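**Q** next one to model:
(one chain, ligands or ions: 2)
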Amino acid sequence: MRTQVGIIGAGPAGLLLAQLLHRQGVDSVVLERQDEAYVRSRIRAGVLEPATVEALCEAGAGERLLREGLVHHGIELRFGGRGHRIPVSRLAGGRAITVYGQQEVVADLIDLRRSVGAPLEFGAEVTAVAGTDSASPVITYRTATGEHELRCDFIAGCDGFHGVSRAAVRPGSLRTYQRDYPYAWLGVLAAVPPSAEELVYARHERGFALHSMRSPQMSRFYLQVEPGTKATDWPDERIWKELRTRLATDDGRRLDEGEIVDRSVTGMRSFVCGEMRHGRLLLAGDAAHIVPPTGAKGLNLAVADARVLARALTAHYRAGDPGPLDSYTATCLEHIWRAQDFSSWMTTLLHRQEGAAGEFDDRAQLSRLEYLCRSRAAATALAENYVGTGLLCPA
Ligand code: RFL
Ligand code: PHB
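**A** Numbers count the residues shown, from 1 in each chain. Ligands and ions are numbered 1, 2, ... in the order given. Below you'll find the predicted structure:
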């Protein structure tokens, strides 16, 4: 089998890239290891920047998003028993975030791919990537019917942090940058209307908590937990008790409880791959970088990469212009490092650390939070980064 662009992974990066290429008349095949039901139900991110909404609309995947997405103009920082609203849109040129589950974005993109009849194969696990320094690289993959080869002009590695594409890069030619954090997140999806109108980021002596949502009927929560925690260590009652404690306010705001329908633990890490192009292998999304989820940037970065890559491949095919592909890494690293710095900053702003260094950080953290609530300049910096600084799409 042969195609122009072989895409590994049907997450947001791979599916959006495929759709943007399709609209420009560039052929691709998407190969996904998991089955379709699993991919459609995988609960992850939920906050979309305006540039992400714009990219999805531009791809033709915006109809349900615009109908069902919840548009938010602010967030709440909660600490010391009080809530402080950051009027994000007012501080960031009117831009707003949209709350819409990543699994919905993925479902919309799968439906779109199906509707145009373009190749998308589930249960297709890529086992090797070869010939990336040649003009005709090859992807080897396994399905229920056996082993297959896909020859391409380019390979797009959109296979997430643990995928095979980054691992296929010649050792020694990959400069990476990494930071680990001494905490993890327990994420919970509950069948209960949200108890807040906007997202609540809470800093508490017992650790960070986040109240998010998916719809007027579904709430999403996160709790800072020890790394290595198992979701089964947290029965429902323990989760609600901890959420009630960490989200408590002096004026006694209620937290409504409901059935917990999903729970999982996520590690926290910052990681950047210094080069996203290796010959004819191009990395995009989590395959090239990871952010701790506090800043809500991972999905947005995956979408931004896919957009830059689609433009670069289109310039190659339509105009024979190699420039945008040559500058793919440099273009992406600009938005990636801004999001990295912001995500790391949001994480250390809100999470609780143990130990002596923790006591100093604790005081500095409270001072930083109070400063954010008092200073328009400080709040504006948060707001601009939260909605996305628009490096790619200047206002
Ligand atoms: P994905 O979504 O991981 O997709 C990669 C796909 O590749 C497949 N794959 C393979 N397929 C074939 N052969 C192989 N050998 C393969 N190996 C892997 C995988 O099965 C998978 O389907 O990567 P992509 O497309 O780069 O998208 C990245 C995002 O998923 C990720 O950054 C976000 O979910 C991060 N994230 C958030 N991002 C935001 O922008 N806003 C948020 O609010 C937000 N919250 C979150 C998050 C991530 C979280 N977790 C669970 C990590 C909250 C959480 C809890
Ligand atoms: C989510 O709703 O999943 C979510 C929201 C905000 C974040 C991270 C995750 O910062």
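**Q** interface residues of the protein facing ligand 1?
**A** 8-14, 31-34, 39, 44-47, 102, 125-126, 158-160, 163-164, 185, 187, 266, 285-286, 293, 296-300, 302 (C-beta under 6 Å from any ligand atom). To be clear about C-beta, it is placed using only N, CA and C from the backbone, and glycine gets the same treatment.
**Q** filter those to the buried ones?
**A** Neighbour-count burial (16 or more other C-beta atoms under 10 Å) applied to the residues of the chain next to ligand 1 gives 8-14, 31-34, 39, 44-47, 102, 126, 158-160, 163-164, 185, 187, 285-286, 293, 296-300, 302.
**Q** coming back round to it: in strands only, show me the residues of the chain next to ligand 1.
**A** Of the positions in the residues of the chain next to ligand 1, Ile8, Leu31, Val47, Glu125, Val126, Trp185, Gly187, Thr266 sit in strands, assigned by DSSP state E.
**Q** from the buried ones among the residues of the chain next to ligand 1, which are also near ligand 2?
**A** Ala45, Gly46, Val47, Pro293, Ala296.
**Q** where do the strands sit along the stretch 201-350 of the chain?
**A** For the stretch 201-350 of the chain, the strands defined by DSSP state E, counting those that start in this stretch cover 209-213, 219-225, 259-273, 277-278, 281-283, 289-290.
**Q** pull up the pairing partners for the fourth one, direction included.
**A** In this case it means strand 277-278. Strand pairing for strand 277-278, using DSSP bridges, gives strand 281-283 (antiparallel).
**Q** for the first one, same thing?
**A** Paired neighbours of strand 209-213 in the sheet (DSSP bridges): strand 200-202 (antiparallel), strand 219-225 (antiparallel).
**Q** for the residue of the stretch 251-395 of the chain found nearest ligand 2, what are its contacts?
**A** Nearest to ligand 2 in the stretch 251-395 of the chain, going by C-beta to the nearest ligand atom, is Ala296, at a distance of 3.5 Å. By C-beta atoms under 8 Å, 6 or more residues apart in numbering, the contact set of Ala296 is Ala45, Gly46, Val47, Ile97, Tyr386.
**Q** how about a cut-off of 6 Å?
**A** Neighbouring residues of Ala296 by C-beta atoms under 6 Å, 6 or more residues apart in numbering: Val47.
**Q** which phi and psi does it have?
**A** With angles defined as degrees, to the nearest 10, Ala296 sits at phi 60, psi 40.
**Q** that one and Asp305: what is the separation?
**A** Distance check for Ala296 against Asp305: by C-beta to C-beta, to the nearest Å, it reads 16 Å.
**Q** okay, now the nearest residue to Leu282 once chain neighbours are set aside: neighbour count?
**A** Computed as C-beta to C-beta, 6 or more residues apart in numbering, the closest residue to Leu282 that is not its neighbour in sequence is Ala156, at 5.3 Å. Using other C-beta atoms under 10 Å, Ala156 is surrounded by 31 other residues.
**Q** Thr294 against Thr348, yeah?
**A** No: using C-beta atoms under 6 Å, Thr294 is not in contact with Thr348; the gap is 8.9 Å.
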